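In: below are the sequence and a predicted model for it; my questions follow.
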Amino acid sequence: MAALGRWGFFMRAGLLAACLLLVLAVLAPVGFQLSGPAGVFAAGLSALLCLAGGVLSLVVCPFFRGPYGALYGMLVGMALRTGLPLVVGVAIHLTRPALASAGLIYFLLACYLASLAVETLLAVAEAQRQAPGTESR
């Protein structure tokens, strides 16, 4: 896990994108079986929304430094990671009935769970790297 803490932005974003691509590979056939092409589009849109929130979180969090920087970074990161997919997903759900009936919210929850797991892993690795007295073990 120590190696993850040394990864740069593009490696972290790539890991998140790869994870969401794997989730999409599972969700797209399910979406097609349930709703046809609209289900595949809903699954893809859900993965894209979660990726956008996750990448924004990865961009903003490193700017928080100082004694409370980790706390503020986690709060802002969580707001971006959760808020963007949730707000945009609910807005699309309410304004596009075809995507709502295709299961957009359910796909969004599945993608969010996967992105949360990856981003938590990355955040813990980064926190371990920055913690004083935790040289490579």
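Out: Yep, that arrived. What you see is a predicted model, and the numbers here were worked out from it, not measured in a lab. Numbers count the residues shown, from 1 in each chain.
In: residue 105 touches residue 88, doesn't it?
Out: No: the criterion here is CB atoms under 8 Å, and residue 105 misses it with residue 88 at 11.6 Å. No exception for glycine: its C-beta is placed from N, CA and C like everyone else's.
In: all the strands of the protein, residue numbers only.
Out: Using DSSP state E, no strands are found in the chain.
In: so, low pLDDT: which residues of it?
Out: 1-2, 4-5, 130-137 (pLDDT under 70).
In: residues near residue 57, how many?
Out: Residue 57 has 25 neighbours, counted by other CB atoms under 10 Å.
In: OK, contacts around it?
Out: Going by CB atoms under 8 Å, 6 or more residues apart in numbering, residue 57 touches 76-78, 80-81, 119.
In: among the residues you listed, which two are most distant?
Out: Pairwise distances among the contacts of residue 57 were taken by CB to CB; the largest, 12.9 Å, belongs to 76 and 119.
In: ok, residue 111 to residue 6 distance?
Out: Going from residue 111 to residue 6 by CB to CB, to the nearest Å gives 27 Å.
In: settle it for me: which of those two has more neighbours?
Out: residue 111 (28 against 11).
In: in contact with the more buried one, which residues?
Out: Contacts of residue 111 by CB under 8 Å, 6+ apart are 20, 23-24, 27, 43, 46-47, 49-50, 85.
In: from residue 125, how far off is residue 105?
Out: Distance from residue 105 to residue 125, by CB to CB: 31 Å.
In: now residue 60: how far from residue 100?
Out: Distance from residue 60 to residue 100, by CB to CB: 30 Å.
In: next one: residue 38
Out: 10 Å.
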